[in-house]
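1. coords please:
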Amino acid sequence: MSIENRLNEILAGYQTSFIDKVYSNENNDYDLLMQAFGITPELKRENRQYWGRELGKCWESLIIQASLDHPTFQPALRLGADEPCDLILDNYAIDAKYRVGSGDSGTLKKFKQYGPLLREMGYQPVFLFLRDDNLPAAMQACRQGGWDIYIGQESFDFIKSLTGFDLKEYLIRKAGAYPVNR
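-> Residues are numbered from 1 along each chain as shown. As a prediction, this is how the structure comes out:
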């Protein structure tokens, strides 16, 4: 199955899930995933935590599927109950995040711990963020943990440089293709 067909399946699955959800304050920013589903900022504000979590899982899934054909692809690294990254390509331990808005101490502690752990294992820890409205404290914790951080266009460029697949161009073409009509 081609990368695009695998990505289409992910978007169609999330479309169905989003349509079934029923759910209020200030952010009016769109991103390419919101555009693929026709999710308005108003709809997203109905339940920011839900949309952030689900769009984050979608972003992660898209990156994984776009990377599957890479000769060095490895799935998420598991260490006991923890998963410090979503996938490995070459020597990059990649964790995909839609955005990071949590400043809870457990989350920040993991960001600080996982980076050095991955480096000790011979990997270069990389965060790929889609959105740029990330919590400054969380971003600082990522930097303190030794993560390389790519945001927005940088994330798309990073993915394309490793996989040869233009995920941004794909999402632009899919704008409105998976509408969440309820």
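
2. what packs against the biggest strand by length in the chain?
-> Looking across the chain with DSSP state E, the single longest strand is strand 82-89. On a contact count with 3 or more Cβ pairs under 8 Å, 6 or more residues apart in numbering; DSSP states H and E, strand 82-89 meets helix 48-67, strand 74-79, strand 92-97, helix 105-120. Every residue, glycine included, has its C-beta placed from N, CA and C.

3. quick check: buried residues in it?
-> 84, 85, 86, 87, 88, 89 (16 or more other Cβ atoms under 10 Å).

4. likewise for stretch 125-132?
-> By 16+ other Cβ under 10 Å, the buried positions in stretch 125-132 come out as 125, 126, 127, 128, 129, 130, 131.

5. ok, now stretch 40-60?
-> 43, 44, 51, 52, 54, 55, 56, 58, 59, 60.

6. quick one on the thing from earlier: least reliable of the helices and strands packed on strand 82-89 going by mean pLDDT?
-> Lowest mean pLDDT within the helices and strands packed on strand 82-89: helix 105-120, a mean of 89.

7. just the CA atoms of it, as PDB, please.
-> What follows is helix 105-120, C-alpha atoms only, in PDB (Å, rounded to 0.1, in the frame of the first residue of the first chain):
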ATOM      1  CA  SER A 105       5.700  18.400  36.700                       C
ATOM      2  CA  GLY A 106       5.400  14.800  35.500                       C
ATOM      3  CA  THR A 107       5.400  15.800  31.800                       C
ATOM      4  CA  LEU A 108       8.300  18.200  32.200                       C
ATOM      5  CA  LYS A 109      10.300  15.600  34.200                       C
ATOM      6  CA  LYS A 110       9.900  13.100  31.400                       C
ATOM      7  CA  PHE A 111      11.000  15.600  28.800                       C
ATOM      8  CA  LYS A 112      14.100  16.300  30.800                       C
ATOM      9  CA  GLN A 113      14.800  12.600  31.500                       C
ATOM     10  CA  TYR A 114      14.100  11.000  28.100                       C
ATOM     11  CA  GLY A 115      16.500  13.200  26.200                       C
ATOM     12  CA  PRO A 116      19.700  12.100  28.100                       C
ATOM     13  CA  LEU A 117      18.500   8.500  28.200                       C
ATOM     14  CA  LEU A 118      18.000   8.400  24.400                       C
ATOM     15  CA  ARG A 119      21.400  10.100  23.900                       C
ATOM     16  CA  GLU A 120      23.000   7.400  26.100                       C
END
